[in-house]
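Undergrad: Quick one: sequence and predicted model below, then my questions.
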Amino acid sequence: MNAPLPLKISRQAAAQAYDSVARISNEVAGKLAARLAAETQGEVLFSPADRGRYATDASIYQVMPVGVFVPRTADDVKAALDICRDMQVPIVPRGGGTSQCGQTVGTGLVIDYAKHVRSILAVNPETRTAEVEPGIVLDHLNAALKKHGLWYPVDVSTSAQATLGGMAGNNSCGSRSIAYGNMVHNVLGAKVWTSSGDLLDLGAYGSSSGKARALGNHVRALAEELHPAIKKRWPKVMRRVGGYNLDIFDPQSERPYTADGSVNLAHLLIGSEGTLALTRSLTLQLSELPKAKVLGVVNFPTFYRAMDAAQHIVKIGEGSLTAVELVDRTMIDLSLQNPAFAPTIRTALIGEPAAILLVEFSGASKAELLPKLKRLGELMGDLLLPGSVVEMTEDAPQKNLWEVRKAGLNIMMSLKGDGKPVSFIEDCAVPLVHLAAYTDALTEVFRKYGSKGTWYAHASVGTLHVRPILDMRREGAPKMRAIAEEASELVRKFKGAYSGEHGDGLCRGEWIKWQFGPEINQAFAAIKQHMDPAGLLCPGRMINPPKMDDTRLMRFPPGYKVIPLKTALDWRAWDVQNDPVTELTSASGSGGDPANGFAKAVEMCNNNGHCRKFDAGTMCPSYRATRDEKHLTRGRANTLRLALSGQLPGLKAEDSLASEAVHEALDLCVGCKGCKRDCPTGVDMAKMKVEFLHHYKAKHGYTLKDKLVSRLPEYAALASRFAPLLNLRDRIPGLAALSEKVTGFSARRSLPKWRRKTFFNTPPACATREEVLAAAKPVVLFIDTFNGYFESENALAALQVLQAAGYTTHIATKKKPDGQALCCGRTYLAGGMVQEAKLKAAELVSALLPFADKGIAIVGLEPSCLLTLRDEMLVMGLGEAAQTISRHALMLEEFLAREAAAGQLEALKAKLKPAAAPILLHGHCHQKAFGAVSPIMDVLRLIPGAKPELIESSCCGMAGSFGYEASHYEVSMQMAELSLLPAVRKQPGAIVVADGTSCRHQIRDGAQREAIHVAVLLARQLQG
């Protein structure tokens, strides 16, 4: 096979780009890549892996593009357009790639706006307007507008990922459209390039001129000619986003496009899905941020009654009602199974409702909104549902519940097995008076085809997202067709719109003609011809679309096969099938995955793009630093899926997982486990990287650096004897540079300091095994390699604190001493040495099981080590013993917080001195993944006067050995500078607490501050 193509083609390599690309693709691709590299400043991505990563979006479709272009400026977009027009190569514009209907996939050149073309060009607070580039993400725009008391109110659930250009392309709506309208109601102007290269400034038709005026005249003539057909066929609901907005000259929506009835030509582009023009900028109408909100959560005993109540709820509020959102029983149950969402969803429930409606009121003050909640309760009483409303008046609980609702789609996609909720009829909108009857009838359709729908979304405007569960590998496509045809008849019966929010794309494009009729459909074609005579922009969308069930365009086409794989970890929990009606899954290992569950775990990624976020949470630190799709959880999952299904050329099929393309994608994965917690579909890329490294290293071998890191627990005792000699590396000029050449550890990074006297070779007095097993207040302390050899003061402090609290404390040791300490296997896992990790874990299980069997807590200090007992150790084939230990394994602060809540720490609390300085806390990534950060805050508050502040940070960038490596030093520091280091520098007098040894090292290197373990702080606060 040919050698892999470089991932990025630089301008310097433009001369060789043609040969490289043409060899691996075709002549047209080669010429296109060469011209883009020579004539633009953008990134040119034409490798099979890059193309594969952009071949999918959040839909069921996959179409391989000829290449990917990431422009650095708007001028690059225009240059790419000119090149593609010259070469007759189609263009597919793309924002966040979160489209659910296949709008952002195609065979042409994908242009990814999101990385660079994302500036806010102007904001005018007086007129409440903003001009933005299309690649800016909605949440980023709103964060910038907040200081002006403004926001852009089209609040889609993907607001942390969705770009304004993509939202304009789809005519996005959002949860609060009942109050603010759709995207089309909030766009004032658009500067766009037609495929001919003309830059049009589209705005008010009355003041337009030149080619913009000619476009308006053309559309106006079509609308006047088709007035009878428009009157007859056009859906009269606000949530109609199918086709083009031909009715700007003949308004049909229940909400006018403009407040004064004028015509704005920019509205023609809204909802056109990139088929008419490429956007340079958008002018947006902003709104005042609501000063106060209250939320009433109505619990319903049946789904039907929830749907029937919506038409009555929307009539109350006197203009203050801003949302009525549905969460059905399926989503409630899935939320309860997700540790990130379960505590929040419980606050909204009364008993076990079949559905809940989130009813929001907004206004100038909470005082004026409280009567609205009372009126809601009275209405429910009138509807024979007294006492069914949970009132939420505080901001934090409301925000948390809205986050769960926003994640609804992705929560639904967390169903294991080949059957998944499939998007193709989910955006049908019907008048509210028919909503209950429509949902009831559609449920019967699902039952007819052996499926079940999961419902959520916008009850206020008659748009309920519903996805029947189908197996798209087998009989999914014909069932999809049959259900779509019956659903369309229901939409027609209830006078609704077939496409009500997420657009047309590949799954609803063919229904445009059905919805509007042949005359209007021909007018749409005339608009397309006028604006894109060359047919370059997203061909096969809107006009002459393919069949929705064309399996050749799908992610799992005919002939899709997974390469057999013998896995190192146990992935059988993912190797299951599910019942589409009951949603019950089969036994582990029964799903028929040739990769023993690994492929099915990878395929849980549905490309929703939730990992493309920059706000609270950990996921995904390498993407935050690079903004590269390759270094995103979604990009990595796509790369693994392509490899496991033989879609990446290079090595033999059986070795595809060990390819360089996969290595490049996973190289910057820091194993933070942010995705384990934050990914709504449960993609655990950290664990997947361990599996990948096992196969990659088996093929390519281990470097000296790999061995030094992985086998640290084996040689640490011996190395500590030579501590003064080893520590010379950071003291004698030139040695660090020499060691970098030999070991690969960065000369710009100091290394942990070795010590002759360690916790292990000078153990303090503590309880024996027998004493702790017989004690009234027992605890077992597991000291890891890092705290035992490098930072013994942490281990000593933990022991001191536990003993001061009255606990009989035993230090865990091997049953048969061999000169080495107990080890969880974490360092071996980080290098892909899974078999060695299993041996270490087995020793640990043997040593700890007697205590776990007695229910004694096993307490650890290093998050990555202790939490291995609750994660990877469970998939190493160690049986029920590992499960037993995991149930009793706790971080020190988790144990102390639990005991404090039970009233067991009064003696310790009495010994603690008041805090002498502010306290800043940086949570280790694994603590965040396992919900173990809040207990640290609880424990710190035991200190009199302490008001700890949590740093909202992603990964510190060290991630074990990652930040020490010369090849990763730069990106490691970029991760740290995103939020952690600036926050530490901002408070020079604060005590910085960080439980992770590498986190502390990063803070010391990057901010020249000494961070301490929570155990050390508690020990310092002990009196006497």
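TA: Received the coordinates, thanks. From a predicted model like this one, the values you see are computed outputs, not experimental measurements. Residues are numbered from 1 along each chain as shown.

Undergrad: out of everything not next to it in sequence, what's closest to residue 950?
TA: residue 921 (5.1 Å; CB to CB, 6 or more residues apart in numbering). No exception for glycine: its C-beta is placed from N, CA and C like everyone else's.

Undergrad: typo on my end, it should be residue 870
TA: residue 886 (4.6 Å).

Undergrad: Which parts of the stretch 751-900 of the chain are strands?
TA: Ranges of strands within the stretch 751-900 of the chain are 778-782, 808-811, 858-860, 889-891, based on DSSP state E, counting those that start in this stretch.

Undergrad: Adding distance to residue 975 and mean neighbour count, write the ones you listed out as JSON lines.
TA: Output for the strands of the stretch 751-900 of the chain, formatted as JSON lines (distance: least, CB to CB, whole Å; neighbours: other CB atoms under 10 Å):
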{"stretch": "strand 778-782", "distance to residue 975": "28", "mean neighbour count": "24"}
{"stretch": "strand 808-811", "distance to residue 975": "34", "mean neighbour count": "22"}
{"stretch": "strand 858-860", "distance to residue 975": "25", "mean neighbour count": "26"}
{"stretch": "strand 889-891", "distance to residue 975": "23", "mean neighbour count": "26"}
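
Undergrad: I'd like those strands written out as CSV, with distance to residue 70 and mean pLDDT added.
TA: Below are these laid out as CSV (distance: least, CB to CB, whole Å; pLDDT from 0 to 100):
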stretch, distance to residue 70, mean pLDDT
strand 778-782, 46, 98
strand 808-811, 53, 98
strand 858-860, 43, 98
strand 889-891, 41, 98
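
Undergrad: right, so of those, which gets closest to residue 299?
TA: For residue 299, the closest of these is strand 889-891, at 34.8 Å, according to CB to CB.

Undergrad: Okay, now the sheet partners of that closest one, with direction.
TA: Partner strands and pairing direction for strand 889-891 (DSSP bridges) are strand 858-860 (parallel).

Undergrad: I'd like the distance from the partner strand to the chain centre, please.
TA: 31 Å (CA atoms, centre = their mean, to the nearest Å).

Undergrad: what residues does it touch?
TA: By CB atoms under 8 Å, 6 or more residues apart in numbering, the residues outside strand 858-860 that reach it are 779-784, 798, 802, 812, 848, 851-852, 866, 869, 885, 888-892, 895.

Undergrad: let's see it at 6 Å
TA: 779, 780, 781, 782, 848, 866, 888, 889, 890, 892, 895 (CB atoms under 6 Å, 6 or more residues apart in numbering).

Undergrad: same thing with stretch 47-66?
TA: 5, 7, 29, 68, 97-102, 104-107, 109-110, 472, 506, 553-555, 607-608, 629, 635, 638-639, 642, 648-649, 661.

Undergrad: What does residue 362 show for phi and psi?
TA: phi -130, psi 150 (degrees, to the nearest 10).

Undergrad: likewise the one 4 residues further on?
TA: Summarising the backbone geometry of residue 366 under the convention degrees, to the nearest 10, its torsions are phi -70, psi -30.

Undergrad: what is the residue nearest to it when sequence neighbours are not counted paired to in the beta sheet?
TA: Distance criterion CB to CB, 6+ apart; nearest residue to residue 366, sequence neighbours excluded, is residue 292 at 4.6 Å. Going by DSSP bridges, residue 292 is paired in beta bridges with residue 363.

Undergrad: The one 4 residues further on now?
TA: Taking DSSP bridges, one finds residue 359, residue 391 as the beta-bridge partners of residue 296.

Undergrad: Adding distance to residue 899, write the strands of the stretch 751-900 of the chain out as a markdown table.
TA: Listed next are the strands of the stretch 751-900 of the chain as a markdown table, based on distance: least, CB to CB, whole Å:
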| stretch | distance to residue 899 |
| --- | --- |
| strand 778-782 | 9 |
| strand 808-811 | 13 |
| strand 858-860 | 10 |
| strand 889-891 | 10 |
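
Undergrad: Select, out of those strands, the one closest to residue 548.
TA: strand 889-891 (49.1 Å).

Undergrad: How much space separates the residue nearest to residue 870 from residue 866?
TA: To residue 866, residue 886 is 10 Å away according to CB to CB, to the nearest Å.

Undergrad: picking that back up, isn't the residue nearest to residue 950 up against residue 946?
TA: No - at 10.5 Å, residue 921 does not count as touching residue 946 under the criterion of CB atoms under 6 Å.

Undergrad: re earlier: list the residues that contact the residue nearest to residue 366.
TA: By CB under 6 Å, 6+ apart, residue 292 lies in contact with 363, 365, 366.

Undergrad: confidence score at it?
TA: With respect to pLDDT, residue 292 scores 96.

Undergrad: With residue 469 instead?
TA: According to the model, residue 469 scores 91 on pLDDT.

Undergrad: For residue 571, which residues are in contact?
TA: Residue 571 sits next to 596, 597, 598, 601 when contact means CB under 6 Å, 6+ apart.

Undergrad: How about the third one: what's its closest non-neighbour residue?
TA: For residue 598, the nearest residue in space outside its immediate sequence neighbours is residue 571; the separation is 4.5 Å by CB to CB, 6+ apart.

Undergrad: burial count for residue 974?
TA: 15 (other CB atoms under 10 Å).

Undergrad: now swap in residue 742 and tell me
TA: Counted with other CB under 10 Å, residue 742 comes out at 9.

Undergrad: Show me which parts of the helix or strand hosting it are buried, residue by residue.
TA: Element membership of residue 742, judged by DSSP states H and E, is helix 735-743. Buried residues in helix 735-743, counted by 16 or more other CB atoms under 10 Å: 736, 739, 740, 743.

Undergrad: these two touch, right, the first one and residue 748?
TA: No - if you go by CB under 6 Å, residue 736 and residue 748 don't touch, sitting 8.0 Å apart.

Undergrad: Can you tell me which of the contacts of strand 858-860 comes closest to residue 398?
TA: Out of the contacts of strand 858-860, the member with the shortest distance to residue 398 (by CB to CB) is residue 890, at 31.8 Å.

Undergrad: Kindly state the beta-bridge partners for that closest one.
TA: residue 859.

Undergrad: repeat for residue 325
TA: Beta-bridge partners of residue 325, as defined by DSSP bridges: residue 358, residue 458.

Undergrad: dump the residue contacts of it.
TA: Taking CB under 6 Å, 6+ apart as the test, what residue 325 contacts is 175, 358, 405.

Undergrad: one more time with 7 Å, if that's ok
TA: 175, 357, 358, 405, 457, 458, 459 (CB atoms under 7 Å, 6 or more residues apart in numbering).

Undergrad: from those residues, which has minimum pLDDT?
TA: residue 457 (70).

Undergrad: gap between residue 333 and residue 454?
TA: Applying CB to CB to residue 333 and residue 454 gives a distance of 10 Å.

Undergrad: These two: which is more packed in?
TA: In terms of neighbours (other CB under 10 Å), residue 454 is the more surrounded of residue 333 and residue 454; the figures are 24 against 13.

Undergrad: Can you list the low-confidence ranges for the chain?
TA: 1-25, 409-410, 615-617, 650-651, 1024 (pLDDT under 70).
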